[in-house]
Structures are given as structure tokens and as C-alpha cells.
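Engineer: Give me a 3D structure for the following:
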Amino acid sequence: MVTTEVALRPLQEQRRATTTIVEGVWLSCALTPLVILIHGYHPYAEDGGVYLAGAKRLLDPRLYPHLPGFVTTHLQFSLFAPAMAALVRATHLGLLPVLFGVYAASIWLTLFSGWMVAKQWVPRTRARCGAVCVLAMSLTAPVAGTSLMLMDPYVTARSISTPLGLLALAAALKIADALQYSRVEWKAIAACVGSLAIAAAAHPLMAAYSLSCVVVLVCVSIPQRTARMMATGTACCMAVLLAGCLQWLGPKEAGAYGEVARTRTYWFLSNWQWYELFGLVAPVAVLAILARLRSGEENRAERQLAWMAVICGAVATAIVVLFVRADATNYLVAELQPLRVYQMIYAVMFLAIGAFLAERYLKASAVRWIALMTITGGCMLLVQHETFPDSAHIELPGKTPANAWEQAFTWVRTHTAKDALFALDANYITAPGEDAQNFRAIAERSSLPDFAKDGGIASIAPELTREWLDGEVVQRGLNNGVGPGDIAQLRARGVGWVIVLRTTPAMLPCVYANNTVKICRVP
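Structural biologist: Numbers count the residues shown, from 1 in each chain. From the prediction side, this is the model:
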């Protein structure tokens, strides 16, 4: 009888594991539409427009013949845009429907990955549901002052790397658990390596920070105290040493590139606000407190995650303090943005908060669960409406744009030649009503580089420095007026069209105008 029970135990455990995964699948399916309704979708905004323009260029090489480096540079570091182009060719659905499908799939995978992480340390289904629900409501939360959100309301390479980083962390927790019993979890190791490899193909930098979290988590999970301290200390020292080597041995940057780098204020802690600095301390403190509140052997994985957060956050902060300064001799470490490791720390924090709330306060009360979802979801919905006040909350493929700037950019796409070159105010992306909508992605036309997005591209591609600075000189203040001197500079660079605010004085013939913006020819 005893022999039979022992023989049946692995089968029972396998069935429980399968049931748990199925629960995660269904919960992720249920929450994905809600996430889209709350957080919205803006395919052309911010970095989404940068990646979208790159995919369009791959699908039609005739696009963006002028200054192509600002469209193609990121293609050198990521297979994301080529993968999107390949999906379009394979499905024949068009780029925008494919991107919306990828957006929904990436949300589902992020939630499911969160479930798999929670599964490794939360024993009860209710607590896992709480973990994933809080993560779902918090997806567009900013990550301290890094200029990152936990997940963007548009599609980028991070839409792929983030859920895969969480899957790698879930596998690392399984590896860490096996270390306690001197076992080797080959399947977990394969899952971890595979997830990180695919994440690296999409976004090498974010995959590297996910890898650092995995390495530290495994190090702090080693049962023997001496080996654990040596492994963890070695990993931390190697990270600091590598950053030091990049800083001290790297070539001195030319003055012009330094001007570009210093415009990325989020690279330098000296430019952060107090609440952004607080965002470095808060998630680490929250994880440490929650781990402390739950003692015992069942809390081992949560303590390991807390230690991972403390160590990764402290090392990244130390590297930035030591080597990332506006007056540095080079900006190699700054370009790597070490504090982006906090994206994974924030994800774990929201999972831990959700699990804690579900166990201690929500329990089986439907009223409390509804209140939590309503309050958190309502707050995030309000934030998204404030972030994109002049755009549709969900910009579906084929839908007529509500944003006046988008309407003008759409007119450009249908009424101008593909080889046309446009100029806009260098800071057009922050103009009233613009909502960070990307001109190139919508209009499918070349433009002189802008301050925000193209400045970010030039900051990681120093060879674009001169072109970016030249664009800044020519376009600075165009929304205040386009005079004879501006027109002469635009002509000298082959610009044929200018897009400015409707109220802007312009000594040019204008062929299109709406209530916000106008499009003028440069004769």
C-alpha cells in the first residue's frame, strides 16, 4: 500500500502543477482585455513610433531616404523589427493589425509570467491571483526616474523582453529551490537560458539586466553560507569592475557627443527629483518588509527575491554614483543605463504586494477584490488619460485618429511624395495636443531629427551626433515663427515641407490646416 502511494505521488504532483498552470492561463486570458481597457494602446507614441518606423522601412525600403540612420540604427541591436516585418509577410494582415496582436499577446505573456513567478513562492491560488491582479493594474507604472514604464502602452522590443525576463526569473526560482536539496533542474535551466536568449534577440540590454537578476538570485540561494557570500560578492565585484573598465579604458568622447549625452537627463542621478530617488529605495524596502513579515521555510523564495532586489538595486545605484556623471570623460556606462535593472525589481514588488494583500486583507471577500481593482485600475486609467489627453484611449488599426497632429501626419502620408523631407519644431513632440505621436511612423516620410526621440537615438549612436545637432539648430523654435532666415536654412538642407502650430507666423504657402496644426511648402 505504501509502495503504491509513493509511486502515485509524482503523478499527483504533476497533475497539481498542470492545474496550476491552467489556472494561470485562464486568469491571464481574463485580465488581458481589462488591461487594454485600462492602460490603453498608442502604437505611434514615444518609442513605439521609433520601432514602428523601423519595421515600415524593412517592409518598404523606399521609405525614409533622408537621414535613414534615425530609422535604422536600432535595427542593428535588435531582431524585433525584422520579426514584426516577417510576421506581416507571413500573415498578410498588415503591420498595424499585427502589432496590436503582438501587444495583446505580450500583455498576456507578462501576466502569465507573473503567475509563474508567484507560483514558486506563493502556495495558495488566491494569493497568486492577487499577485497577478496587482501586476495587471500597475503595468504602466513608471520605474523610478529611468524614463521606463513597467510595460509600455505600445509595442517595442521591451514588450518581448519583459515577460521573457520574468519567465527566466520563474525558472531561476525553481533552480534555486533545487539547490536546497542538491538537485539539478535541467528543465528549469533550459527554460531560463531559452527565455533569456529570446529576450536578448529582442532587446540585448534589458535581457542582460534580467540575466543579472537571475545570477544574483541563484547566488543568494546557495545553501552553504560561505559559498553563498563568495558567489554573491564575486558577482557584485565583477559588475562594478566591468563598469569601471568601461569608464576608465574607454575612449574620451568628443565634445559634440557630450552635448548629446547630457540632454538625456534621466541618465544622471543629479537630475532626478526627490520622488524619483525615492523610487530607488521604495521597492527594495517593500520587498524586504514583506519578506520579514512572513517567516518560516515556506518564505525562503520570497526572502531570496528580496535579497536579489536589495543587491541588484544597490550595485546598480553604486555603479551610477561612481561612473555616471555629466562631466565624465566618456559615457559608455551611462549609455548602458544600469538602473534599468529596476524594471524587474518593480515587477517583483507588485507581485509581492498583490500576494500579501490577497492573503492578509482581501481573502474571500468579493467586495474587497472589486474595491482593489476599481481603485488601482481607476487611478491608472486616469493617469493614461492625462498622459494622452488629445488622443483616443485605444487607437485601433484603421480607426480615424482623434488627435489633430495625427490627422495632419496622415494627410502627409496620402498627399506627398515618399522622398519628401519635412521639418518640424525640434520639440514638436511636447507641443500642445501632440501627445508624443511620432511623425515618421504615421506620415511615413523623412524628417530632420527632433530633440526627444532622435536625441535618444543619437545618444546611443555617436555617429549621428552632427546630423542631430544640425537638426536642432535648424528646427529650434519653429513653432514660434518661420522667418526668412529659417527658410534659407531649410532650403539649404533640401527640406520641402514644414509642419508647425496653426498660430505660428510663417512666410510660406500652407496647403493644409486643422484646428491645431498647419502644413506649409518651402518654395
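Engineer: in the stretch 401-523 of the chain, which spans are strands?
Structural biologist: Along the stretch 401-523 of the chain, counting by DSSP state E, counting those that start in this stretch, strands occupy 421-424, 446-447, 497-501, 510-513, 517-521.
Engineer: Could you pull out the buried residues of the fourth one?
Structural biologist: Using 16 or more other Cβ atoms under 10 Å as the burial criterion, the residues of strand 510-513 that qualify are Y512. All C-beta spots, glycine's among them, are computed from the backbone N, C-alpha and C.
Engineer: mind showing which ranges of the chain have poor pLDDT?
Structural biologist: Residues of the chain meeting the criterion pLDDT under 70: 1-17, 253-254, 294-298.
Engineer: how's this protein carved up into domains?
Structural biologist: According to automatic domain parsing, the chain is divided into the following domains: 23-387, 404-435+445-521.
Engineer: H393 is nearest to which of those domains?
Structural biologist: domain 23-387 (4.5 Å; Cβ to Cβ).
Engineer: From the opening residue of that closest one to its closing one, how far?
Structural biologist: In domain 23-387, first residue to last residue: 34 Å (Cα to Cα, to the nearest Å).
Engineer: For A55, see how far away A314 is.
Structural biologist: Computed as Cβ to Cβ, to the nearest Å, the A314 to A55 distance reads 38 Å.
Engineer: whoops, A127 was the one
Structural biologist: Going from A127 to A55 by Cβ to Cβ gives 40 Å.
Engineer: Let me see the contact set for L179.
Structural biologist: V218, S221, I222, P223 (Cβ atoms under 8 Å, 6 or more residues apart in numbering).
Engineer: These in strands, which ones?
Structural biologist: Counting by DSSP state E, the contacts of L179 place none of their members in strands.
Engineer: Y428 against N479, yeah?
Structural biologist: Yes: contact status for Y428 versus N479: in contact at 7.1 Å, counting by Cβ atoms under 8 Å.
Engineer: Of the two, give the one with the bigger neighbour count.
Structural biologist: Shown here are Y428 and N479; by other Cβ atoms under 10 Å, Y428 has more neighbours (24 against 21).
Engineer: Of all the strands of the stretch 401-523 of the chain, which one comes closest to Q384?
Structural biologist: Closest of the strands of the stretch 401-523 of the chain to Q384 is strand 517-521, at 23.2 Å (criterion: Cβ to Cβ).
Engineer: quick one: that closest one to chain centroid distance?
Structural biologist: Its chain's average C-alpha position is 33 Å from that of strand 517-521, according to Cα atoms, centre = their mean, to the nearest Å.
Engineer: ditto for stretch 58-71
Structural biologist: Put simply, stretch 58-71 sits 24 Å off its chain's centre (Cα atoms, centre = their mean).
Engineer: contacts for that stretch?
Structural biologist: Under the criterion Cβ under 8 Å, 6+ apart, residues 53-54, 56-57, 75, 81-82, 85, 88-89, 95, 418-419, 421, 440, 444-449, 454, 457-458, 461, 463-464, 467-468, 471, 494 lie in contact with stretch 58-71.
Engineer: Tell me how many other residues surround Y346.
Structural biologist: Y346 has 24 neighbouring residues, counting by other Cβ under 10 Å.
Engineer: Ignore what I typed, I meant P505.
Structural biologist: When counting by other Cβ under 10 Å, one arrives at 10 neighbours for P505.
Engineer: From V215, how far out is it?
Structural biologist: 58 Å.
Engineer: ditto for P43
Structural biologist: Note on P43: its distance to V215, by Cβ to Cβ, is 35 Å.
Engineer: can you tell me which residues contact A436?
Structural biologist: Shown in contact with A436 (Cβ under 8 Å, 6+ apart): A45, E46, F388, I429, T430, A452.
Engineer: Farthest pair within those residues?
Structural biologist: F388 and A452 (15.4 Å).
Engineer: between those two, who's got more neighbours?
Structural biologist: When F388 and A452 are compared for neighbours, F388 comes out ahead with 20 against 16, by other Cβ under 10 Å.
Engineer: A355 and R126 touch, don't they?
Structural biologist: No: taking Cβ under 8 Å as the contact criterion, A355 and R126 are not neighbours in contact, 9.1 Å apart.
Engineer: of the two, who's got more company?
Structural biologist: Of the pair A355 and R126, A355 is the one with more neighbours under other Cβ under 10 Å, namely 25 against 15.
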